[in-house]
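Q: next one to model:
(chains A and B)
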There are 2 protein chains.
Amino acid sequence: MKVWNTLQVNRAARLARVGALLGSGLQGKVVDAGRVDDLLYAALESGDRVCLEGNNQKQADFLARALANLDPARIHDLHMLQSVLALPEHLDVFERGVAAKLDFSFSGPQAGRVAKLVSTGQLHIGAIHTYLELFGRYMMDLPPRVCLVAAEAADRHGNLYTGPNTEDTPAIVEATAFKNGIVIVQVNNIVDTLPRVDIPGDWVDFVVQSPQPYYIEPLFTRDPAQISDIQVLMAMMAIKGIYAEYAVERLNHGIGFDTAAIELLLPTYAAQLGLKGKIARHWALNPHPALIPAIEAGFAESVYSFGSELGMEDYIRARPDVFSVGPDGSMRSNRAMCQAAGHYACDMFIGSTLQIDLQGNSSTATLGRIAGFGGAPNMGADARGRRHASPAWLKAGREARAGIDTIPRGQKLVVQIVETFREHMQPAFVDKLDAWELAEQAGFDIPPVMIYGDDVTHILTEEGIANLLLCRSPQEREQAIRGVAGYTPVGLARDKPMVEALRARGVIRRAEDLGIDKRLATRDLLAAKNMKDLVRASGGLYAPPKRFRNW
Amino acid sequence: MKVWNTLQVNRAARLARVGALLGSGLQGKVVDAGRVDDLLYAALESGDRVCLEGNNQKQADFLARALANLDPARIHDLHMLQSVLALPEHLDVFERGVAAKLDFSFSGPQAGRVAKLVSTGQLHIGAIHTYLELFGRYMMDLPPRVCLVAAEAADRHGNLYTGPNTEDTPAIVEATAFKNGIVIVQVNNIVDTLPRVDIPGDWVDFVVQSPQPYYIEPLFTRDPAQISDIQVLMAMMAIKGIYAEYAVERLNHGIGFDTAAIELLLPTYAAQLGLKGKIARHWALNPHPALIPAIEAGFAESVYSFGSELGMEDYIRARPDVFSVGPDGSMRSNRAMCQAAGHYACDMFIGSTLQIDLQGNSSTATLGRIAGFGGAPNMGADARGRRHASPAWLKAGREARAGIDTIPRGQKLVVQIVETFREHMQPAFVDKLDAWELAEQAGFDIPPVMIYGDDVTHILTEEGIANLLLCRSPQEREQAIRGVAGYTPVGLARDKPMVEALRARGVIRRAEDLGIDKRLATRDLLAAKNMKDLVRASGGLYAPPKRFRNW
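A: As a prediction, this is how the structure comes out:
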């Protein structure tokens, strides 16, 4: 007769092993930090699917180190589920033979090592996902057997307070606890009373107070001092040629200086254009410090966040009308729900990339680096399930379908903003993406594309804006892209008459076509010119991490 | 100087009003049921955005009634946010002038009344959304000022136990609590100790024990006795021509007898074809009673659910390896996360519709009825942000792009399964969707389409399967659709030579092309032929609601 509760039985066995091995090292749900190895040996089994909280920012680093140090003779062949690989320990588990397989979303800082371990066969990639896709699989066909997560504080019942950096934690814990898995949490503090409960203690099995607070990366902090005049020009074109043109009220920005420049031009340039209250009102965005001047000016009315940003805590607490703040006064973020908002509630995604090909496909995968894409594929894809209308969405849909006999439908604006040459004079425009060769090397079924060309609506460079919505053939599309690709080989190979014809039709628009005076495109337009300006704009509430305190 | 905490101040004022008005009728967070009117008068303000938990199944009916009975002279112009309008009270609030505006997802049983109130100007529709889209907007630009939700039980601290019908509750409460809104909950019981905590008491302001348990609709129960031989034939074609053909392992089924027939053919017909372990292994699905035989046969290995289904509680509890069950033994569902799984982790969506046009656009909107679409647009759209591969996804992508010079990409299978004539001999295939006229009547920006033709990959009728992935022009597409539209006017107007050419290419496949013997297509193939069979298959664990106990 079939047994239907193997997971429950197995869970009970693990809990019993932990109890037996830890003895007095286990008080209720609280485990001595010194006994974390024993906890893992007792709770884990070789071959387990283990979700380690590598987030974009917050890291369960104490548990990651403990996991990486396990004896591979005892625990091996783990299948790691992890949205972000950020720390060396995240790769050590593979190098040491503790883990063998990986499903993930982003590995920015460790991308080179991922590629190397794949080539030696020590790491087998299940798949690369966008965040919400990975969370969906946690729930459906990849539930973690054990999860290792991080929170700010716990009480003795295992109730968790995540503070503003809630991030992936709720999704991971829910997926694990409701498939009879084991939930292990590192916390900075164990306290009697939490500011609020973010995750019920019923869902949590073990809590360890880590010797150091968890590591957190200020990933979204950009020093305005590093923004160039060229980036100011591009930001002016974005605001006048896209934000204003489509009346974009709800949006997400990618990470980087290009979009930071736009944020810093809202209270100056965009305000001069009379756009306050008309564009960029509602944001799905981490609390970017560069957004402070726009918030103070009443430009950005609300910000819903995937995670928090180091140093922004007091500022957020003092601006509860803007951020998602609980009755206790601190923010709660939620990567899963914010990705849903980014996909479905935003009229526009704008972000940078490393390579764009002639069809407009873009990728951050370059040779020898398997980086993944984080949230970009989810937010940079047309949300084809969307059914609510907005002026921006309707206009984009109309442009894409003008003259075509098809039922009307709106479309998301997906903008790629890049300088034609990136670092080390590498052209951003290429005939063929490195992703093709990488796919071959790594044995992927198809090349890893971040955003597909047929989802991209605009490409913006220092040379101008190519509106791909208005292109009516692959040839027009290719020439529209070449027409803003500057002095790169792709740009130089343009068909000049065709590019001029596209410009006459408004498919390509240069700064001068938009009535932008290039002489005004200087850093003087930035609402904050350096970190100190941001602190000042915040009324002293923003406290940048040390490495950004350069005054 | 700008005030940044208006929401906090306003929240405090509301809480103070409730305290002052209720006096001893308020004990901690617990409000006497007899004082619910006073609670609402004190907590609400005219013009508020109010999220009322109308779910697909669970209804905050006690609070809905109280809201509908408020004096419109005191509370009016509410903006209702509600995923499902199921009860008469959901429309009474508009008829009585308490509410004026509505953002929603689905209004099946009340669709006619919605249309009527729109035409009289008593109800202004913000927009129709798919569920996940609406939840995204709760978080981003439509946070509720007050929410009225339902749970199974609460303790005196306001901690909530939702039981298996978690549904929308976590998303609604999170969106409200973290924008300094007011969270009001009706519960069936107030107890000392909950089986588990689903929602932390910190997020909850007031709890009312309702005089009756909340209403719940067994929406996904289909009596196998009502399945026809024709539906068995269509199910055979689906299994052999699509599930097996693409090796579909992860999927979602829509609601209805067409897909119930497929569920009941898995342990019989599909097993005979040797498909166990190869198709239909992982489900994003409510606990359909019709799935019991497939679960018992080991065919359906895991089921992750949006909500629960009345009568399935004990069966679920006894099959914890299959369902998402917590340490307490009961299920937790989650509509938001299951919609994410349905969008991103599923290889296929298959469901029915009311009308399909010549481009393959389908809609359940018919004249005089504004029904909305629930989850279908989210699950029945190509998930363009998806980046993980599966054989089904890759094959669909290859078919769509064969012979076209473009970068490889997978695609979701989106199947519309319909008989050519629906009830009252209304043709399912039409030249023009009623949605066009409805849009004009209701003042929508564009016609309300459930699933757009360019997302549909297959249309399956009793006449055969049209594979739209293989069509290379709008003309081919139209003829492929006509070629399975039977004796409807659309079907009769087919270009016969072109349809035969499409059939020769495998774009259209009839039962005989699939090697299906139509004589075997009888109800004898169903693994359960009536409700009693389902109960028997469950080992007596499934307890159908009274109205389905017809033996």
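
Q: okay but A:Arg409 is in contact with A:Arg401, surely?
A: Yes: between A:Arg409 and A:Arg401 there is a contact at 7.1 Å, judged by CB atoms under 8 Å. Quick note: C-beta positions are derived from backbone N, CA and C, even for glycine.

Q: the more surrounded of these two?
A: A:Arg409 (22 against 16; other CB atoms under 10 Å in any protein chain shown).

Q: ok, how many other residues are close to A:Ala20?
A: Neighbour number of A:Ala20 under other CB under 10 Å is 10.

Q: OK, contacts around it?
A: A:Ala42 (CB atoms under 8 Å, 6 or more residues apart in numbering or on different chains).

Q: so it, which state does it fall into?
A: Of the three states, A:Ala20 takes helix according to DSSP: H, G, I helix; E, B strand; the rest coil.

Q: kindly provide the distance from it to A:Ala43.
A: 12 Å (CB to CB, to the nearest Å).

Q: can you check A:Ile407 too?
A: 54 Å.

Q: the more surrounded of these two?
A: Counted by other CB under 10 Å, A:Ile407 and A:Ala43 do not tie: A:Ala43 has more neighbours, with 25 against 20.

Q: let me know the pLDDT of the more buried one.
A: The model reports A:Ala43 with a pLDDT of 98.

Q: now A:Arg505
A: Here the pLDDT value assigned to A:Arg505 is 98.

Q: contacts only, for the closest residue in space to it that isn't next to it in sequence.
A: Of all residues not flanking A:Arg505 in the chain, A:Leu470 sits nearest, at 6.8 Å (CB to CB, 6 or more residues apart in numbering or on different chains). For A:Leu470, the contacting residues are A:399, A:402, A:505-507, by CB under 8 Å, 6+ apart.

Q: could you do A:Arg317 as well?
A: Residues in contact with A:Arg317, defined by CB under 8 Å, 6+ apart, are A:325, A:329-331.

Q: just the pLDDT at it, thanks.
A: For A:Arg317, pLDDT reads 98.

Q: would you confirm that A:Gln416 contacts A:Asn361?
A: No: if you go by CB under 8 Å, A:Gln416 and A:Asn361 don't touch, sitting 10.1 Å apart.

Q: what about the strands in the stretch 1-150 of chain A?
A: With DSSP state E, counting those that start in this stretch, the ranges of strands along the stretch 1-150 of chain A come out as A:26-27, A:30-31, A:49-52, A:58-59, A:78-84, A:99-106, A:124-128, A:146-154.

Q: report the next helix or strand after the longest one in sequence order.
A: Sequence order places strand A:160-161 as the next helix or strand after strand A:146-154, per DSSP states H and E.

Q: got phi/psi on A:Asp357?
A: Note on A:Asp357: its backbone torsions stand at phi -100, psi -170 [degrees, to the nearest 10].

Q: on that earlier part again, now the contacts of A:Leu470 as CSV including secondary structure and neighbour count?
A: Shown next, in CSV, are the contacts of A:Leu470 (DSSP: H, G, I helix; E, B strand; the rest coil; neighbours: other CB atoms under 10 Å in any protein chain shown):
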residue, secondary structure, neighbour count
A:Glu399, helix, 18
A:Ala402, coil, 10
A:Arg505, coil, 14
A:Gly506, coil, 12
A:Val507, coil, 23
